[in-house]
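Peer 1: what's the 3D shape of this:
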Amino acid sequence: MTAERVPAPVSSQAGCEVLFELFQGPHGSVQLGRMLRGVDSGRLVVLREVAVLEPAVLAAVDLARSLAHPQLLKSLGAVHSLTSQHLASEYVPGMSLLELEASVRKSRSALPPGVAVRIVKDALRAAAVTQRLLNDTAALSYTRCLFVDTIWIAEFGDVLLTDVAVAPLLGKAPETDPTKAAAKDLLAAAIHLFQLASGEALSPAVMGKLSSFVPEPLATTLARALGVHQSAQFANIEELVQAL
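Peer 2: Just a heads-up that it's a prediction; the model follows:
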């Protein structure tokens, strides 16, 4: 027996309005919006459009709303516009990692290695904070949170995470094994770091010659993080942060 899927409502009493789309990501269309009702009325928010809301997603939204930390964009809950259902989060001027990587590729100009390392280190630290909060609040084991469209780089330089606890459930095949979830986040961090620091997409063709694209010390760390030449990968976030 499968859980009932809740369709997105169409209502003249919308809780938010969509102003314009920011980007299309792996977890849906992300838009800038404005809250229309309640204590947040008039507030600018980030809206992630969702076609349906399953019970597990609604439960994760309730959990996300209870989490508060400077490295997390505050979840404001599920709201609806005139035509769609959305997950609303605090808006901070900036851009997603997805947009930054697209800009780097388009300009064919890599970020300075130190800047790329700083962004990824801050994202990893935010992930570690997220795991502690989820464990303390709901006794959850490792939950994926490092996705290209949920890492947010604020204009003032901080790296923040959004839709924690919820984003992993929006993909086609959510990872439920904590060990595999942690490994996938570490791998994602390494991939994004290479792409920011090199301006190139990571592919099998460049895996064996990382030092041709990034400085040797960074290439050595990335080779271990990526498991190149069957090297022992990092066991956890703290090990990778220390190496970087």
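Peer 1: so where's the longest strand in the chain?
Peer 2: strand 16-25 (DSSP state E).
Peer 1: Can you show me the CA trace of that one as CSV?
Peer 2: Written as CSV, here are the backbone C-alpha positions of strand 16-25 (Å, rounded to 0.1, in the frame of the first residue of the first chain):
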residue,chain,number,x,y,z
CYS,A,16,2.6,33.5,-1.7
GLU,A,17,3.2,35.0,-5.2
VAL,A,18,5.9,34.0,-7.6
LEU,A,19,8.0,37.0,-8.9
PHE,A,20,10.4,35.3,-11.3
GLU,A,21,12.4,32.1,-11.7
LEU,A,22,15.9,32.0,-10.4
PHE,A,23,17.0,28.7,-11.9
GLN,A,24,16.0,25.1,-12.7
GLY,A,25,17.7,22.6,-10.5
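Peer 1: Report the mean confidence score over the helix or strand following that strand.
Peer 2: Moving toward the C-terminus from strand 16-25, the next helix or strand (DSSP states H and E) is strand 28-35. The predicted model gives strand 28-35 an average pLDDT of 95.
Peer 1: List the strands paired with strand 28-35, with their directions.
Peer 2: According to DSSP bridges, strand 28-35 has the following sheet partners: strand 16-25 (antiparallel), strand 44-50 (antiparallel).
Peer 1: Buried residues of the shortest one, list them for me.
Peer 2: Residues of strand 44-50 classed as buried by neighbour count (16 or more other CB atoms under 10 Å): 45-50. All C-beta atoms are positioned from the backbone trio N, CA, C, and that covers glycine.
Peer 1: All the helices of the chain, in order from the start?
Peer 2: Under the criterion DSSP state H, the chain carries helices at the ranges 55-65, 97-107, 113-138, 178-198, 204-207, 216-226, 237-243.
Peer 1: highest average neighbour count across those?
Peer 2: Of all the helices of the chain, helix 178-198 has the most neighbours on average by mean count of other CB atoms under 10 Å, namely a mean of 21.
Peer 1: And it, what does it pack against?
Peer 2: Where contact means 3 or more CB pairs under 8 Å, 6 or more residues apart in numbering; DSSP states H and E, helix 178-198 is packed against helix 97-107, helix 113-138, helix 216-226, helix 237-243.
Peer 1: Turn the ones you listed into a markdown table, including distance to residue 189 and mean pLDDT.
Peer 2: Listed next are those as a markdown table, based on distance: least, CB to CB, whole Å; pLDDT from 0 to 100:
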| stretch | distance to residue 189 | mean pLDDT |
| --- | --- | --- |
| helix 97-107 | 10 | 94 |
| helix 113-138 | 5 | 97 |
| helix 216-226 | 7 | 95 |
| helix 237-243 | 7 | 96 |
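Peer 1: sorry, back to before: quick one: closest of the strands paired with strand 28-35 to residue 203.
Peer 2: The closest of those to residue 203 is strand 16-25. By CB to CB, the value is 21.0 Å.
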